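Asker: Quick one: sequence plus predicted model below, questions after.
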Amino acid sequence: LSDHHCFTTTMLRLMLTMLGVVGCNAAAFQVHVDCNTGLDSAIGSVEAPFKTVARAQAAIRSARQANSVESSRRGVPLRLSVPAVVQITGLCELGSTLVLNDPALDSNVAYVGSNAALLSGGTKIVVPTAATAKGAASATVQIDLTKYNFSEATLGSLSGRGYSGGSACINVSTFEPSPAELFFRPDSPQSAAGARSSDSAEDGARCRLARWPNAQATPAATDWAKIAKVSANQELVIAGVTAAQLSSWQADTASGERGWLHGLWSWNWADSHRPILAVTPSNGSIAVGNDDVNRDVNPIKVGSASGQGGNVYAYNLKSELDQAGEYYIDRKTATLWVIPPPAATSGGSFHVSRLNGAVVSVEAGVSNVTFQNLEIRYARGGGVVVNNAQSIVLQHCTVSDHGMMGFNVTGGTTCGISDSNVAQNGDGGVILFGGDRDTLTAAGHFAANCTIHHNQRWIMNYAPNVLLGGVGQVARGCEIYASPQIGIFFQGNDHTLEDSDVHDVTRQCSDCGAFYMGRDWTYRGNQILGTTFSSLKTIFPGSLYPSAVYLDDQLSSVKIAFCTFDHVLGSLIELGGGRHNEFIYNTLIGGASLHVDDRGGGGSKCCTGGRAPFSFLTRVPYQSAPWLKYPGLTSILTDSPCTPKYNVISNNVLCAGAAISGVTPQQLEAWGSTMTNNTKGKC
């Protein structure tokens with residue numbers, strides 16, 4: 001170290017003696033936080049820790065500002081980037097979002113947890129232990145939330161949130177924070193990536209708003225009721241609901257919170273929430289209001305055994321509080337009723353979400369911040385939200401139980417999450433957007449060695465466990481499972497899903513895919529490598545079974561190689577009219593089919609104004625120099641763009657009765673694609 005640097009760091013050490021700063025030759029100074037026993041009036045040392053993370057952040061900022069003043073006075077280079085470590089223990093209930101928004105003062109910091117440190121956007125509440133021991137409907141407990149400083153104004157309200165797909169992309173900006181929710185945290189929660197968590201284990205600790213029909217631990221057709229009749233003014237008759245129930249729903253709506261319906265109204269791949277406006281037991285009708293969704297959820301259809309749409313369940317109804325884990329909040333009186341979940345008999349704690357935003361927000365220009373060995377839970381918004389920052393990384397963390405997505409990155413470079421568990425979030429798991437599509441500059445965001453599951457509590461469709469958008473993101477070595485619809489969604493260019501295990505997704509949808517991408521000729525350079533797809537099935541019968549890989553409406557240039565498809569119920573790949581796709585060197589186990597079609601109509605029939613994918617070409621400068629790396633794209637409009645040319649299905653191994661069906665080599669050749677050297681073998 002230079003003399004100047006050592007002097008500056010020594011001055012910093014002297015200024016921070018009361019904070020337990022390390023010496024000049026150390027890599028970082030440390031500040032200690034014990035959210036259970038610390039004091040913000042303390043000095044932030046091991047022996048005298050702060051109580052809040054906000055106080056630790058303020059101490060680091062003050063020290064760095066003092067260092068800046070000393071550097072300026074002596075005319076030496078400014079050294080604001082001396083690394084800092086915040087050591088955290090205990091339950092840390094944040095009164096407001098931890099905002100890192102000063103590039104000079106908030107960068108180069110590691111937030112490190114120990115002893116199950118929890119950054120919470122909620123409030124811990126006490127549920128009598130006698131009630132948790134019962135574990136049955138008779139164990140209903142009433143809790144006055146005003147004792148925890150909740151009120152009608154602070155509890156929030158339900159909204160008509162829902163599906164935001166369409167136009168080849170997911171618009172996460174339309175996602176909405178949840179109202180206050182109840183969560184249960186076992187005494188020994190899963191704290192990082194590890195062994196697969198079963199549906200029954202997750203369900204044993206889950207809290208859900210009182211609903212009908214009751215939900216099963218593993219999704220089942222009985223979780224949904226069928227719409228039997230629909231009138232023009234959105235009055236519904238729901239099959240199976242009794243007159244006595246409707247009378248209770250009518251009373252619920254009149255005396256307390258409004259009930260709601262969550263529906264797959266028109267299609268089994270588009271959902272939304274609608275308020276119950278009125279209930280008429282005499283004729284069995286339920287009048288519903290509008291949602292916040294403007295496409296694909298209308299018209300409301302009558303449900304059938306094999307058709308699309310017409311599936312609903314009712315929730316937020318006090319009279320339906322009858323199952324362990326269910327709860328109801330009267331927001332007008334700030335009163336909670338709950339039947340503790342089965343896991344509560346083994347100990348744990350209850351928490352009500354409070355923060356309307358995220359637990360952590362990292363903003364433009366901040367860089368080199370890590371969060372390690374932390375649980376991050378119970379915000380009504382997202383867990384960790386990062387905007388236009390660099391190298392913000394979560395390691396060995398649990399990011400769970402938020403109203404929106406778990407980890408959400410927009411813009412910036414090289415941000416990611418590794419060796420972590422992302423689960424039980426409301427509107428998706430890991431969302432990574434970044435890069436420049438005009439120049440095809442990659443952002444390099446990543447998810448690595450994570451378990452990502454059960455992340456669709458509010459929005460079921462087009463709120464995937466993993467979403468890679470923009471240019472150049474990677475999901476590698478992840479276990480991705482337990483979603484009602486899409487497990488992984490790509491939009492943009494040059495993304496990679498690699499060496500991952502995708503299973504038990506697509507469980508409550510039709511005409512959907514474990515991996516989905518679609519509707520844009522310019523989404524190119526994407527690949528799925530060395531990944532296993534298994535246990536893909538749906539609770540909805542019919543012909544539109546899920547696909548493992550769904551390349552919708554002329555999506556092109558995806559390479560699927562060295563993957564394993566193990567007893568997939570639907571299609572291995574739905575190749576919907578696209579081109580330059582490769583399905584090579586894969587292993588197919590058990591019954592399997594590939595579906596390839598020319599849904600664009602052949603030739604140039606899809607090249608009319610307002611039709612995808614032709615209308616999407618203007619989104620990017622696809623004929624400019626950076627785009628020349630994609631074969632055939634710059635000249636696509638003069639090369640029969642609506643014919644599925646240049647696809648390759650070759651060198652795949654079929655075993656345990658697997659057979660390629662649904663398309664013939666002759667048909668592919670007629671379109672200008674090839675299917676060769678696919679052989680039977682042993683697995």
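Answerer: Cool, the structure landed.
Asker: going forward, measure contacts between C-alpha atoms and count neighbours the same way
Answerer: Will do.
Asker: shaky segments in the chain?
Answerer: For the chain, the stretches with pLDDT under 70 are 1-27, 68-81, 129-138, 167, 189-198, 200-201, 543, 592.
Asker: could you redo the last one with a cut-off of 50?
Answerer: The model of the chain has pLDDT under 50 over residues 1-26, 70-71, 73-79, 133-135, 191-193.
Asker: For it, which segments count as helices?
Answerer: 3-15, 53-74, 103-106, 129-134, 152-155, 199-204, 243-255, 665-671 (DSSP state H).
Asker: What about residue 146, how many residues nearby?
Answerer: Neighbour count of residue 146, defined by other Cα atoms under 10 Å: 13.
Asker: Need the nearest residue in space to it, chain neighbours excluded.
Answerer: residue 334 (6.0 Å; Cα to Cα, 6 or more residues apart in numbering).
Asker: mind checking how far the one you found is from residue 184?
Answerer: 19 Å (Cα to Cα, to the nearest Å).
Asker: Excluding chain neighbours, what is closest to residue 223?
Answerer: Per Cα to Cα, 6+ apart, closest to residue 223 is residue 215, 4.9 Å.
Asker: just residue 519 next, same as before
Answerer: residue 553 (4.7 Å).
Asker: The residue nearest to residue 146 is in contact with residue 149, isn't it?
Answerer: No: contact criterion Cα atoms under 8 Å: residue 334 and residue 149 do not qualify, at 9.4 Å.
Asker: Who has more neighbours out of these two?
Answerer: residue 334 (20 against 11).
Asker: and the gap between the more buried one and residue 483?
Answerer: 32 Å.
Asker: Could you do residue 612 as well?
Answerer: For residue 612 relative to residue 483 (Cα to Cα), the value is 27 Å.
Asker: These two: which is more packed in?
Answerer: residue 483 (29 against 20).
Asker: Strands of the stretch 151-300 of the chain, start to end?
Answerer: Taking DSSP state E, counting those that start in this stretch, the strands of the stretch 151-300 of the chain run over residues 182-186, 208-209, 211-212, 225-230, 235-238, 260-267, 270-280, 285-288.
Asker: Take the ones you listed and lay them out in TSV including distance to residue 352 and mean neighbour count.
Answerer: Listed next are those as TSV, based on distance: least, Cα to Cα, whole Å; neighbours: other Cα atoms under 10 Å:
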stretch	distance to residue 352	mean neighbour count
strand 182-186	5	22
strand 208-209	12	20
strand 211-212	19	24
strand 225-230	29	20
strand 235-238	32	21
strand 260-267	20	24
strand 270-280	22	23
strand 285-288	28	20
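Asker: Just put the ones you listed in TSV and tack on distance to residue 584.
Answerer: TSV is the format used below for the strands of the stretch 151-300 of the chain (distance: least, Cα to Cα, whole Å):
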stretch	distance to residue 584
strand 182-186	44
strand 208-209	43
strand 211-212	46
strand 225-230	42
strand 235-238	47
strand 260-267	32
strand 270-280	32
strand 285-288	49
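Asker: Give me the distance from stretch 644-661 to the chain's centre.
Answerer: Distance of stretch 644-661 from its chain centroid, counting by Cα atoms, centre = their mean, to the nearest Å, is 32 Å.
Asker: Could you export it as PDB, CA atoms only?
Answerer: Provided in PDB are the C-alpha atoms of stretch 644-661 (Å, rounded to 0.1, in the frame of the first residue of the first chain):
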ATOM      1  CA  PRO A 644     -40.200 -23.300 -41.100                       C
ATOM      2  CA  LYS A 645     -36.900 -23.600 -42.800                       C
ATOM      3  CA  TYR A 646     -33.400 -24.600 -41.600                       C
ATOM      4  CA  ASN A 647     -34.500 -26.500 -38.500                       C
ATOM      5  CA  VAL A 648     -32.400 -29.500 -37.600                       C
ATOM      6  CA  ILE A 649     -33.600 -32.500 -35.600                       C
ATOM      7  CA  SER A 650     -30.700 -35.000 -35.500                       C
ATOM      8  CA  ASN A 651     -28.400 -37.300 -33.500                       C
ATOM      9  CA  ASN A 652     -30.900 -37.900 -30.700                       C
ATOM     10  CA  VAL A 653     -31.100 -41.200 -28.800                       C
ATOM     11  CA  LEU A 654     -34.500 -42.800 -28.200                       C
ATOM     12  CA  CYS A 655     -34.900 -45.400 -25.500                       C
ATOM     13  CA  ALA A 656     -37.400 -47.000 -23.100                       C
ATOM     14  CA  GLY A 657     -40.100 -47.000 -25.800                       C
ATOM     15  CA  ALA A 658     -39.500 -43.400 -27.000                       C
ATOM     16  CA  ALA A 659     -40.400 -42.600 -30.600                       C
ATOM     17  CA  ILE A 660     -40.500 -39.400 -32.600                       C
ATOM     18  CA  SER A 661     -44.000 -38.800 -33.800                       C
END
